[in-house]
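Enquirer: Provided below are the primary sequence and the corresponding predicted coordinates.
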Amino acid sequence: MRSFDLAIIGSGPAGQKAAIQTAKLGKRVCVIEAREVVGGVAVNTGTIPSKALREAILNLGGCPMPAMPTDADFISHARQATMPNLWSSCNRVIQAEIDIIRMHFANNGVQVLHGMASFIDDHTLSVATRFATESIRADNILIGVGTHPARPTNIPFTEPDIITSDELLHLDVLPKSMIVVGGGVIGTEYASMMAALGVKVTLVEGRPRLLEFVDSEIIEALQYHLRQAGVTLRCGEKVIKVQKSEQSGGSNKVMVEAMLESGKMLRADCLLYAAGRQGATDGLNLQNAGLSADDRGRIKVNAFYQTAKPHIYAAGDVIGFPALASTSMEQGRLAACHMFGEKCEQVEALLPYGIYAIPEISMVGWTEEKLTQEQVPFDSGIAYYRETARGQLLNDEIGMLKLLIHQDSHAILGVHIIGTGATELVHIGQCAIAFKITAEYFINTVFNYPTLAECYKIAAQNGLNKLRGIS
């Protein structure tokens, strides 16, 4: 029986960073991956494919579009696009990511075992392939199996009519209309992409607005631009029944019908169910290790990512919110550092969030709602992309950057952005919060011209003017 200092179940973002960190500490580490390729959900069906599809859509017609495309030429190109052609342009990116992960594992001496992992006891794992089963022993184990789309039993999933985000990758024909159930990150991203391709989209979300953890002003802007692109938003509504029906008139055309709790009936060519995800823990035999998962397959951990068994850790989407690739990477690294006594620092307040809708959104730090709840005195400074030369060059009319500034110290408390490059631009704000930089820093700093980074200077000036009572 082979033994390791750490055995990792899953080669997604959490597993990758835990493995590399452990190898850098001179430990023996293996990664067990059920798929034939490494990368987990993030590379094969989740983060990378969806972002690659987004770029392929935005580049239709030969030039990137900064916000929600609305011009006639773009829509014409979009309607002529086929899903296989769009996905073929994504496959290059996916394969490149797989090759990079393999290279990193090989360069760091990380052993990769392909097969289904399950617990024999709290230190021993079974790794089953089609041809053989091997048992391995590890001093420490990290569970990073990720999630899969939730598939409620009352939803009659059948390709290509009623699908999850996994089956979306296999669509051969672009539907003319689509109902998207769930206004979380995945539902919002795919709804905006389908709308950009000219699909008539209806987005149903049970909460009063989309993405409730994001700044309300940013979401108001996103919802406005989704509506401008033809998306029908049904917020505060719940789907209670989904069925297929044949259209009358002998066309043999099958439509999907979604009954809402309010009594409304929605009809479309396709329904994408994106309301929640389930931890992929079913086949792990957690009970053999003295562990359990909740009804959504998630594993409870402490601040150091330890489960009920201190030598067994869990990280990534399988432990729940925020379930982003970036946060999963950091969780895996921190878990590996803790288990081997390596000093590290965790700063939850500095975790950035990126939503790759069209237009994209990013944020770091406090929201206005949280500051108000905690009774922290603040004011906001706003900059619009259109106020900068770079924004004009990019033809981004909707971009906006908001700084939340402490009324007394003038420290930057939060940064919220919608528009081109939001997920890149936010990292300037991340550094500002980390080093307790004040708004005056941005006033006195010279930025390259023309850049979107100038928005920080404009927003800081706007915020300080408010604090000084200057209109």
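Expert: Done, it's in.
Enquirer: Retrieve the pLDDT associated with Gly249.
Expert: pLDDT, Gly249: 58.
Enquirer: okay, now the domains of the protein?
Expert: As given by automatic domain parsing, the domain ranges for the chain are 2-149+278-348, 162-275, 360-467.
Enquirer: how about the ones you listed in CSV, adding distance to Ile155?
Expert: Bear in mind the C-beta positions are built from the backbone N, C-alpha and C, glycine included. Conversion of the domains of the chain to CSV gives the following (distance: least, Cβ to Cβ, whole Å):
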stretch, distance to Ile155
domain 2-149+278-348, 11
domain 162-275, 5
domain 360-467, 28
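Enquirer: Met265 against Val256, yeah?
Expert: No: with contact defined as Cβ atoms under 8 Å, Met265 does not reach Val256; the gap is 11.0 Å.
Enquirer: Tell me which of these two has more neighbours.
Expert: The residue with more neighbours, out of Met265 and Val256, is Val256; 24 against 9, by other Cβ atoms under 10 Å.
Enquirer: Please identify which helix or strand holds that one.
Expert: Assigning secondary structure by DSSP states H and E places Val256 in strand 254-260.
Enquirer: Can you list the strands that that strand pairs with?
Expert: When pairing is defined by DSSP bridges, strand 254-260 lines up against strand 239-246 (antiparallel), strand 265-268 (antiparallel).
Enquirer: which of the residues in that strand are buried?
Expert: Neighbour-count burial for strand 254-260 flags Met255, Val256, Ala258 (criterion: 16 or more other Cβ atoms under 10 Å).
Enquirer: Generate JSON lines for these, with distance to Ser292 and pLDDT as supplementary columns.
Expert: Shown next, in JSON lines, are the buried residues of strand 254-260 (distance: Cβ to Cβ, whole Å; pLDDT from 0 to 100):
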{"residue": "Met255", "distance to Ser292": "42", "pLDDT": "93"}
{"residue": "Val256", "distance to Ser292": "36", "pLDDT": "96"}
{"residue": "Ala258", "distance to Ser292": "34", "pLDDT": "96"}
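Enquirer: between these, which is closest to Asn462?
Expert: The closest of these to Asn462 turns out to be Ala258 (Cβ to Cβ; 43.2 Å).
Enquirer: Without its sequence neighbours, what residue ends up closest to that closest one?
Expert: Leaving aside its sequence neighbours, Ala258 sits nearest to Leu266 (Cβ to Cβ, 6 or more residues apart in numbering; 4.5 Å).
Enquirer: Are we agreed that Ile155 is in a strand?
Expert: No: per DSSP: H, G, I helix; E, B strand; the rest coil, Ile155 lies outside any strand segment and is coil.
Enquirer: My understanding was that it contacts Val242; is that so?
Expert: Yes: counting by Cβ under 8 Å, Val242 is a contact partner of Ile155 at 5.2 Å.
Enquirer: Quick check: neighbours shared by those two?
Expert: Residues touching both Ile155 and Val242 (Cβ atoms under 8 Å, 6 or more residues apart in numbering): Ile162, Tyr273.
Enquirer: residues contacting Thr188?
Expert: Applying Cβ under 8 Å, 6+ apart to Thr188 gives the contacts Leu203, Leu210, Leu211, Leu222, Ile355, Ala357.
Enquirer: Would you mind listing which of the residues you listed are buried?
Expert: Among these, those classed as buried by 16+ other Cβ under 10 Å are Leu203, Leu210, Leu211, Leu222, Ile355, Ala357.
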